[in-house]
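J.: Next input, structure requested:
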Amino acid sequence: MSYSLLCLIGVIAMASATTYYKETFDSLDNWVASNAKSDEGKNGKFVLSAGKFFADADKDKGMQTSQDARFYFTSSKIEPEFSNEGKDLVVQFSVKHEQNIDCGGGYIKIFPAGLDQATFNGDTDYNIMFGPDICGNTKRVHVIFNYKGENKLIKETIACKSDELTHVYTLILKSDNTYEVRIDGEKKSDGKLEDQWDMLAPKEIKDPAESKPADWVDEEMIDDPEDVKPAGYDDILEFIADPDAEKPDDWDEEDDGEWDAPEIQNPEYEGEWYAKQIDNPDYKGQWEHPMIANPDFEADDNLYLFKSNAFVGFDLWQVKSGTIFDNIIVTDSVEEAEQFMADTFDATKAGEAKAKEEQEAADRVEAEAASEAASDDDEDDYEDEDDEADHDEL
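T.: Numbering: from 1, shown residues only. The predicted structure is shown next:
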């Protein structure tokens, strides 16, 4: 196939793609903060910011958590509401933990219609929860789907990024009941939904009518009946008086009591006796429970399906604030998401690391200058004290 034809196919695929939602955070006008936790004074505020270091001050602006030890609830409407029936669903966004996060979420949620944006909280039903979560040594990507009213977490542990730079998280939910998770465009996990989520009952179960026979022998080794413990074996003490020890010359039995030599490990002691092990002539192997088809198993071709997708939102707890979310896209096209990432993240990645290095260098210079100034102040104070002392002597 020619390169021109491949390009043409790509253009046609993107032309037929549907982008349900896209957010580059030129403002926060599309977002509605929930008042959940506000009566407790624990509701944090999102602000628009590019952070402390960035490639482009305008293009790298995102929605940033701004207060420590707070809950964050905000959502934005997807218009029109859509179903992913018969289509792939791609959810992609960027996360920048520039505060060197120690405990806090960085995941996005997709909600069905009916969400009360003014009151939603951590107990509000959602379709999908996806993104990084960090707390202590736990650093993983959550992928949770709501299936028949229950939230199902992926079995696999997918490591997330925990540095201070921007990273892009992509979830691809396919209509053939498979999935893929990418970080910065690199595949980290993929497979069948039924394998990685406990959505369906098992296809097979242990036959309840069968049990291990009472005379089944599953001990592979047994004690050698001809191996007998030697006579007097148990009479050998573990510790004995040190035969080389001598009573100190200054020992006074009237004051110090009767002298006893210190004990040492008995070189003849061999520990508890055990008979030698031999192969069990009656061993039948490990008994395996017969399996039968599970009568409760029911296949579902629509594990992937969410008929109503109407809001994107964030529901987070952060001990240390400063996370920046940016460049959200919800689409039915992997190619569209890839292009969006190329248009946004690639430029950010190229300049952000350099900006961070420059910022850290400037911070070091400022810290050194502050330290020198403090040292000079201490020296001046010391000289002032000497001058006062000299004056007092005069």
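
J.: OK, contacts around residue 89?
T.: 172-173, 304, 306, 309, 330, 332 (Cβ atoms under 8 Å, 6 or more residues apart in numbering). All C-beta spots, glycine's among them, are computed from the backbone N, C-alpha and C.

J.: Take these and keep only those in strands.
T.: 172-173, 309, 330 (DSSP state E).

J.: how about low-confidence regions in this structure?
T.: 1-15, 376-394 (pLDDT under 70).

J.: For the longest helix seen in it, enumerate the helices and strands it packs against.
T.: Longest helix in the chain by number of residues, with DSSP state H as the criterion: helix 334-393. Here helix 334-393 touches helix 3-15, strand 89-97, strand 166-173, strand 323-331, going by 3 or more Cβ pairs under 8 Å, 6 or more residues apart in numbering; DSSP states H and E.

J.: what's the angle from it to strand 89-97?
T.: With axes from the mean of the first three to the mean of the last three Cα atoms, to 10 degrees defining the directions, helix 334-393 sits at 10 degrees from strand 89-97.

J.: Begin at 36 from now on, thanks
T.: Done: numbering now begins at 36, and the last item shifts to helix 369-428.

J.: Quick one: residues contacting the residue nearest the centre of the chain.
T.: For the chain, residue 175 is the residue whose C-alpha lies nearest the centre (Cα atoms, centre = their mean; 1.9 Å). Residues near residue 175 by Cβ under 8 Å, 6+ apart: 167-168, 192-195.

J.: Quick check: the farthest pair among those residues?
T.: 167 and 192 (12.3 Å; Cβ to Cβ).

J.: Pick out whichever of the two has more residues nearby.
T.: Between residue 167 and residue 192, counted using other Cβ atoms under 10 Å, the more crowded position is residue 167 (24 against 11).

J.: Quick check: bridge partners of the more buried one?
T.: residue 176 (DSSP bridges).

J.: Residue 343 is in contact with residue 116, correct?
T.: Yes. Judged on Cβ atoms under 8 Å, residue 116 makes contact with residue 343 at a distance of 5.9 Å.

J.: Quick check: neighbours shared by those two?
T.: residue 148.

J.: for this structure, what's the longest strand?
T.: strand 105-117.

J.: What is the nearest of the contacts of residue 175 to residue 306?
T.: Among those, and counting by Cβ to Cβ, the member closest to residue 306 is residue 192, at 42.1 Å.

J.: tell me the contacts of that closest one?
T.: Taking Cβ under 8 Å, 6+ apart as the test, what residue 192 contacts is residue 175.

J.: quick one: it from residue 176, how far?
T.: 8 Å (Cβ to Cβ, to the nearest Å).

J.: residues touching residue 380, list them.
T.: Applying Cβ under 8 Å, 6+ apart to residue 380 gives the contacts 129, 201, 203, 219, 362.

J.: Sorry, wrong one. I was asking about residue 286.
T.: Counted by Cβ under 8 Å, 6+ apart, residue 286 has contacts residue 294.

J.: again, only this time at 10 Å
T.: 292-294 (Cβ atoms under 10 Å, 6 or more residues apart in numbering).

J.: between the residues you listed, which has the most around it?
T.: Neighbour tally across the contacts of residue 286 (other Cβ under 10 Å): the maximum, 12 neighbours, falls on residue 294.

J.: Can you tell me the element it falls in?
T.: Here residue 294 sits in a region with no helix or strand, counting by DSSP states H and E.

J.: who's residue 364 bridged to?
T.: residue 57, residue 127.

J.: Distance of the residue nearest to residue 246 when sequence neighbours are not counted relative to residue 241?
T.: Nearest non-adjacent residue to residue 246, counting by Cβ to Cβ, 6 or more residues apart in numbering: residue 324, 8.0 Å away. According to Cβ to Cβ, residue 324 stands 4 Å off from residue 241.

J.: same check, this time on residue 216
T.: Using Cβ to Cβ, we find residue 216 at a distance of 33 Å from residue 241.

J.: so which pair among the ones in strands among the contacts of residue 124 is furthest apart in space?
T.: 207 and 344 (15.0 Å).

J.: higher neighbour count, these two?
T.: residue 344 (22 against 18).

J.: these two touch, right, the more buried one and residue 114?
T.: No. Using Cβ atoms under 10 Å, residue 344 makes no contact with residue 114, being 11.2 Å away.

J.: Overlap of the contact sets of the two?
T.: With Cβ under 10 Å, 6+ apart as the test, residue 344 and residue 114 both reach 55-56.

J.: residues contacting residue 99?
T.: Residue 99 touches 60, 80-86, 131, 133-134, 356-361, counting by Cβ under 10 Å, 6+ apart.

J.: Report the two of the contacts of residue 380 separated the most.
T.: The span of those, defined through Cβ to Cβ, is set by 219 and 362 at 12.5 Å.

J.: which one of the two has more residues nearby?
T.: The residue with more neighbours, out of residue 219 and residue 362, is residue 362; 22 against 17, by other Cβ under 10 Å.

J.: Could you pull up the residues touching the closest residue to the more buried one other than its chain neighbours?
T.: Nearest residue to residue 362 in three dimensions, chain neighbours excluded: residue 379, at 4.5 Å (Cβ to Cβ, 6+ apart). With contact set as Cβ under 10 Å, 6+ apart, residue 379 has these partners: 59, 94-95, 127, 129, 201, 203, 361-362, 364.
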